[in-house]
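Student: Here you go, sequence then predicted model.
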Number of protein chains: 2
Amino acid sequence: MNVLERVEARLLVVDDEPNIRELLSASLRRSGFEVVTAADGREAVHFAERVRPDLVVLDVMLPDMDGFTVAGRLREMGGQMPVVFLTARDATDDKVAGLRVADDYVTKPFSLEEVLARIRAVLRRTRGDLDLPSRLQVGDLELDEEAHQVWRSGAPVRLSPTEFKLLHYFMVNTGRVLSKAQILDHVWNYDFGGDAGVVESYVSYLRRKVDITEPRLIHTLRGVGYVLRLPRGD
Amino acid sequence: MNVLERVEARLLVVDDEPNIRELLSASLRRSGFEVVTAADGREAVHFAERVRPDLVVLDVMLPDMDGFTVAGRLREMGGQMPVVFLTARDATDDKVAGLRVADDYVTKPFSLEEVLARIRAVLRRTRGDLDLPSRLQVGDLELDEEAHQVWRSGAPVRLSPTEFKLLHYFMVNTGRVLSKAQILDHVWNYDFGGDAGVVESYVSYLRRKVDITEPRLIHTLRGVGYVLRLPRGD
DNA sequence: ACGTTTTCTCAGGAAACGTTCAGCCGGAGC
DNA sequence: GCTCCGGCTGAACGTTTCCTGAGAAAACGT
């Protein structure tokens, strides 16, 4: 029922920066994953052998060995663990080429929603995991993650990338109150320095595009945050 | 059965200000938690190692080391103790960024109800603790903590943040008489300078919004305080 | 290189909220 | 029955929070 109370899968997170490592593992744990972390390639291989994760989140740049090398070792181990790479946005060509061996990749600085979406998509593909639906629905509002498309009352709605990510975050957390800080942390890149004002703007855009008809789904809770839900009368 | 007679969990409270430390630990003990306190980072790590708390309440600003550093040491210890940070409201950007690795955080000056709510929410998430229900019910009055919503006789009721906190405090203490001073201490921030008159106002607001129908749940005990309960065979 | 889309900031205005206070009410005690 | 006292509530105030439109800068597509 509640995404937060179920272990979706076991993940191995590999990054040498403690901040990124903790940011990711805390957030993934909150989303219901079981998480083991490693700080370099040696540790990564060691833990992968021991805990047999369902998926590995792997930074390309590691102090002791290349991320691709680590990925190779993991493949040699069998068990075909899928890999999601983390890479700098300005990666050089040879690195981009290497990414082809990955099941997916995310560029730094990322947003948590981005990473979560990729992880879920890969798990869906490799495990045929139907517990992770690609289509979300609340009332007559529908969102298809794979098709990257949204409908309200059957009519398609055009959203910008940020608007889409925000709506997706709302729909994954239907019925749960989200503070502006929480939204900022999940939908915007982790290096974003701005304040919560931008969240207000985007909520305003979203309402104009997908919440002009009754019943209203996006509700403001003054001094607390926002929540997406059907009004419950019963 | 009584929340006061059961040890809910073992907590470690870390703050260098003795006032805050005592305020928190006394209140948490009264709520059924087992509490150990520490005044700085060194002590915190030491006690965490010895008593293995289920959760750590950690001030970001400590005399010897940064709260995030302490949190890092705690994670290295394994056992994945969740951390609730305490921070000043006007925290600078880099500190806000650090808060993303926290399981939750509360800004100073806080109210005791706020801290308790966050602690319970985190314990619910990390331990799947169903002894700590997110939904409270007294008669036909219902309150959902997560959804931040209230119903009376099935009909949703809109409450301001203070009204919600006050009702929550009443419902957690159903059947127990609460003095105005007690209510002030728990629901309002600890630096609030006003008098108990504001409690009378808010009880009045609450009655108007959630206690207009029979049977009345909020009762005045002249010269003593208030109590929320079903009338017993009156 | 050009126009378009997207993202973010800012500021005005509107609404909700917190707090105080004064006048009223009703029960308790004399 | 009268007086006190504690409690109730409506009004008023300043403050906070939120919404939205306008605009600048960056990214994007052609």
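Tutor: Yes, it's here.
Student: Near chain B, which residues of chain A are found?
Tutor: Within chain A, the positions adjacent to chain B are A:4-5, A:18-19, A:22-23, A:26-27, A:29-30, A:175-177, A:181, A:185, A:190, A:193, A:221-224, A:227, A:229, A:231-234 by Cβ under 8 Å from any Cβ of the partner chain. Every C-beta, even on glycine, is put in place using the N, C-alpha and C of the backbone.
Student: Please pick the buried ones from the residues you listed.
Tutor: Buried residues within the residues of chain A next to chain B, defined by neighbour count using 16 or more other Cβ atoms under 10 Å in any protein chain shown: A:4, A:18, A:22-23, A:26-27, A:29-30, A:176-177, A:181, A:185, A:190, A:221, A:227, A:229.
Student: re earlier: can you tell me which of the residues of chain A next to chain B are in strands?
Tutor: When these are checked against strands (DSSP state E), the matches are A:221, A:227.
Student: Check the residues of chain A next to chain B one by one and keep those near DNA strand D.
Tutor: If you filter those for contact with DNA strand D, counting by Cβ under 7 Å from any atom of the strand, you are left with A:222-224.
Student: Whether stretch A:188-207 contacts DNA strand C - can you check?
Tutor: Yes: legend: contact between stretch A:188-207 and DNA strand C by Cβ under 7 Å from any atom of the strand is shown at A:188, A:192-195, A:197-198, A:201.
Student: buried ones in that stretch?
Tutor: A:188, A:190, A:198-199, A:202-203, A:206.
Student: how far away is A:Leu184 from B:Pro18?
Tutor: A:Leu184 sits 34 Å away from B:Pro18 when distances are taken as Cβ to Cβ, to the nearest Å.
Student: Actually, A:Ile218.
Tutor: Taking Cβ to Cβ as the criterion, A:Ile218 is separated from B:Pro18 by 44 Å.
Student: again with A:Ala9
Tutor: 45 Å.
Student: Validate this expectation: A:Leu58 resides in a strand.
Tutor: Yes: the secondary structure assignment for A:Leu58 places it in a strand, going by DSSP: H, G, I helix; E, B strand; the rest coil.
Student: same for the top helix by length along chain A, what does it pack against?
Tutor: In chain A, assigned by DSSP state H, the helix with the most residues is helix A:112-127. For helix A:112-127, the elements it packs on are helix A:18-30, strand A:55-59, strand A:83-88, strand A:104-108, helix A:161-172, helix A:180-187, judged by 3 or more Cβ pairs under 8 Å, 6 or more residues apart in numbering or on different chains; DSSP states H and E.
Student: can I get those in CSV with distance to A:Val115?
Tutor: Shown next, in CSV, are the helices and strands packed on helix A:112-127 (distance: least, Cβ to Cβ, whole Å):
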stretch, distance to A:Val115
helix A:18-30, 7
strand A:55-59, 7
strand A:83-88, 8
strand A:104-108, 5
helix A:161-172, 12
helix A:180-187, 10
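Student: before we move on, back to that, among the ones next to DNA strand D among the residues of chain A next to chain B, which are within reach of DNA strand C?
Tutor: Near DNA strand C, judged by Cβ under 7 Å from any atom of the strand, the entries from those are A:222-223.
Student: Turn the ones next to DNA strand D among the residues of chain A next to chain B into TSV, columns for pLDDT.
Tutor: As requested, those are arranged in TSV below (pLDDT from 0 to 100):
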residue	pLDDT
A:Arg222	96
A:Gly223	94
A:Val224	95
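Student: any idea which of the ones next to DNA strand D among the residues of chain A next to chain B is closest to B:Thr126?
Tutor: A:Val224 (22.1 Å; Cβ to Cβ).
Student: Return the distance of the closest one relative to B:Arg208.
Tutor: For A:Val224, the distance to B:Arg208 equals 21 Å [Cβ to Cβ].
Student: From the centroid of chain A, which residue is nearest?
Tutor: If you average the C-alpha coordinates of chain A and look for the closest C-alpha using Cα atoms, centre = their mean, you land on A:Leu116, 1.8 Å from that point.
Student: picking up where we left off before, most tightly surrounded among the helices and strands packed on helix A:112-127?
Tutor: Comparing those by mean neighbour count (mean count of other Cβ atoms under 10 Å in any protein chain shown), strand A:55-59 comes out on top with a mean of 25.
Student: Walk me through the domains of chain A.
Tutor: Following automatic domain parsing, chain A resolves into domains at A:3-127, A:135-228.
Student: re earlier: the residue nearest to the centre of chain A: what's it in contact with?
Tutor: A:27-28, A:31 (Cβ atoms under 8 Å, 6 or more residues apart in numbering or on different chains).
Student: what about it, distance to B:Ile218?
Tutor: For A:Leu116, the distance to B:Ile218 equals 43 Å [Cβ to Cβ].
Student: Mind checking what secondary structure the residue nearest to A:Trp151 when sequence neighbours are not counted has?
Tutor: In space, and not counting its chain neighbours, A:Trp151 is closest to A:Glu142: 4.6 Å by Cβ to Cβ, 6 or more residues apart in numbering or on different chains. Using three-state DSSP as the criterion, the local structure at A:Glu142 reads strand.
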